[in-house]
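*Asks:* Let me see the structure of the following:
(one chain, ligands or ions: 1)
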Amino acid sequence: MNVGIVGGGQLARMLALAGYPLGLRFQVLDPAADACAGQVATLIQGDYDDEDRLSLLADWADVVTFDFENVPATAARALEQRVAVYPPALALTVGQDRLYEKTLFWELGIPTPVFATVDSLEELREAAIRVGLPAVLKTRRLGYDGKGQRVLRAPEDIEPTWRELGGVPLILEGFVPFEREVSVLAARGRTGETLFYPLVENRHRDGILRLSRAPYRGGRILEHLGWNYARRLLDRLDYVGLLAIEFFVHEGRLIANEIAPRVHNSGHWTIEGAETGQFENHLRAIVGLPLGSTAAVGSSVMLNCIGAMPEREAVLAVPGAHYHAYGKAPRPGRKVGHVTLRAADDEGLRDGLERLLPLVGLEPGEFGPIG
Ligand code: AMP
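*Replies:* Coordinates of the predicted model:
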């Protein structure tokens, strides 16, 4: 069976690597000649809205999926006319715009920060009163890894922040003084069969995910709440594939921040740390195969490699460490790989983690006790 992927980054690369054992073949569409999935799959080089290239992909593929959510809606719709496309274009539309996302959370009774749309300085002033300060001003579209957002702490911040971000559709949302950030990963098959991975705890630095830990031992109630919210979204969107939802944990509640209608960085630990990895389950879902168990195998910590890869020998000398290089050129701030440490239990993670944290540029203890 032939799988086409729009986007040829590391997520497409890991999808292909997970899919070959299932007997699947891959082509990826990406504007970059050196897109890293091109090292493991056939690369169609072209823009995401290039009709000829999209046709090539649609003609070859039995099913098309995405490795990022900012695919132009026109491209997704054009593909849907010709070939099975999962997740559905509606999920992309929602995932592309923070206003649609938050509106859907509200409709489904999923707690989310109070928010207001902002298209002018006057509206920002009004929104700051309605939402209250501190608040976070974000671009509605194309924000990622903390880009395109600023925290407003006092009324004096309003004008300078507007000068920085204004000119595109914005959303102002209440600042959540959260205790933790967690994510829920869920897979839904073509028949509606749905499975949930254990809750994941995420730690960021400078808006970029640096570490994920799973299973998060924060209590079954929180986990079931997350699964319940995920099910509402999956069913409403008639979703097929892997969906990630990021939440803040505040005073024992989950407050939804955003969704990613695709495989997700906070799910990379599942490659070694779960019975079936997120990449394999996304593929099983979209090609119509039975889903695989999402149960954790021991305890895992995933560390992102930002800017450059750590020394391979040093990482692999740590028992239980797994090294994933994405084949990308080093560049400051760029995600170039990840390392997953897996152990039989939380206790078993401690020693290895102390050795691995400095290798990926993190201070031992930077994120407090883990494991
Ligand atoms: P995002 O691009 O929405 O994922 O935001 C990036 C990071 O900014 C999040 O992981 C949080 O650490 C922080 N953040 C975003 N929105 C809020 C909020 N409403 N309140 C507090 N922190 C936030």
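
*Asks:* got a list of what residue 248 touches?
*Replies:* Taking Cβ atoms under 8 Å, 6 or more residues apart in numbering as the criterion, residue 248 is in contact with 176, 178, 180, 181, 254, 255, 257. For the C-beta atoms, the positions are set from N, CA and C on the backbone; glycine is no exception.

*Asks:* My guess is the second one contacts residue 253. True?
*Replies:* No: because the distance of 9.9 Å does not satisfy Cβ atoms under 8 Å, residue 178 is recorded as not touching residue 253.

*Asks:* ok so, going back, can you tell me which of the contacts of residue 248 end up in strands?
*Replies:* Among the contacts of residue 248, the ones falling in strands (DSSP state E) are 180, 181, 254, 255, 257.

*Asks:* coming back round to it: got any residues that touch both of residue 178 and residue 253?
*Replies:* The contact sets of residue 178 and residue 253 do not overlap (Cβ under 8 Å, 6+ apart).

*Asks:* of the contacts of residue 248, closest to the ligand?
*Replies:* residue 176 (3.9 Å; Cβ to the nearest ligand atom).

*Asks:* Quick one: residues contacting the closest one.
*Replies:* Counted by Cβ under 8 Å, 6+ apart, residue 176 has contacts 113, 248, 250, 255.

*Asks:* Report the contact partners of residue 161.
*Replies:* Here residue 161 is in contact with 124, 137, 150, 152 (Cβ under 8 Å, 6+ apart).

*Asks:* Can you turn the buried part of the contacts of residue 176 into a ChimeraX selection?
*Replies:* ChimeraX command restricting the contacts of residue 176 to the buried ones, with burial defined by 16 or more other Cβ atoms under 10 Å:
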select :113,248,255
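
*Asks:* The ligand versus the spatially most central residue of the chain, what's the distance?
*Replies:* Nearest to the mean C-alpha position of the chain, by Cα atoms, centre = their mean, lies residue 264 at 3.2 Å. According to Cβ to the nearest ligand atom, to the nearest Å, residue 264 and the ligand sit 11 Å apart.

*Asks:* Around the ligand, pick out the residues from this structure.
*Replies:* Neighbours of the ligand within the chain, by Cβ under 6 Å from any ligand atom: 113, 136, 143, 146, 149, 173, 175-176, 181, 204, 207, 246, 257-258.

*Asks:* Dump the residues you listed into TSV; add pLDDT as well.
*Replies:* Formatted as TSV, these follow (pLDDT from 0 to 100):
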residue	pLDDT
113	98
136	97
143	74
146	68
149	90
173	98
175	98
176	97
181	97
204	93
207	85
246	98
257	97
258	96
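
*Asks:* Tell me which of those fall in helices.
*Replies:* Here DSSP state H is the test, and those give no hits in helices at all.

*Asks:* Among those, find me the one that's closest to residue 217.
*Replies:* Nearest to residue 217, judged by Cβ to Cβ, of the residues of the chain next to the ligand is residue 181 at 15.3 Å.

*Asks:* Model confidence at the residue lying closest to that closest one once chain neighbours are set aside, what's the number?
*Replies:* Excluding the flanking residues, the one nearest residue 181 by Cβ to Cβ, 6 or more residues apart in numbering is residue 202, at 4.7 Å. With respect to pLDDT, residue 202 scores 97.

*Asks:* Same question for the one 3 residues further on.
*Replies:* The predicted structure scores residue 205 at 91 on the pLDDT scale.

*Asks:* What of residue 369?
*Replies:* So, for residue 369, pLDDT stands at 66.

*Asks:* Assess the claim that residue 170 and residue 118 are in contact.
*Replies:* Yes: applying Cβ under 8 Å, one finds residue 170 in contact with residue 118, separated by 4.2 Å.

*Asks:* that older thread, who touches the residue nearest to the centre of the chain in this structure?
*Replies:* 183, 185, 242, 244, 278.

*Asks:* rerun that using 6 Å as the cut-off
*Replies:* Neighbour list for residue 264: residue 244 [criterion: Cβ atoms under 6 Å, 6 or more residues apart in numbering].

*Asks:* Okay, helices next: where are they in this protein?
*Replies:* Secondary structure of the chain (DSSP H): helices located at 10-19, 51-60, 73-80, 89-96, 98-107, 121-131, 158-165, 220-236, 270-273, 278-287, 312-316, 350-359.

*Asks:* Give me the buried positions along the fifth one.
*Replies:* Using 16+ other Cβ under 10 Å as the test for burial, helix 98-107 gives 98, 99, 100, 101, 102, 104, 105.

*Asks:* do the same with the shortest one
*Replies:* By neighbour count, and taking 16+ other Cβ under 10 Å as the criterion, the buried residues in helix 270-273 are 270, 271, 272, 273.

*Asks:* out of the contacts of residue 176, what pair is the most spread apart?
*Replies:* Greatest spacing in the contacts of residue 176, by Cβ to Cβ: 113 and 250 (9.7 Å).

*Asks:* of the contacts of residue 176, closest to the ligand?
*Replies:* Closest approach to the ligand among those (Cβ to the nearest ligand atom): residue 113, at 4.6 Å.

*Asks:* Surely that closest one and residue 175 touch.
*Replies:* No: Residue 113 is beyond contact range of residue 175, at 7.6 Å (criterion: Cβ atoms under 6 Å).

*Asks:* Nearest residue to residue 251 in space, please, no chain neighbours.
*Replies:* Closest residue to residue 251 apart from its sequence neighbours, by Cβ to Cβ, 6+ apart: residue 179 at 7.9 Å.

*Asks:* my read: the one you found touches residue 249, true?
*Replies:* Yes: counting by Cβ under 6 Å, residue 249 is a contact partner of residue 179 at 5.3 Å.

*Asks:* re the thing from before, pLDDT at the residue nearest to the centre of the chain, what is it?
*Replies:* On pLDDT, residue 264 comes in at 98.

*Asks:* distance of it from residue 282?
*Replies:* 10 Å (Cβ to Cβ, to the nearest Å).
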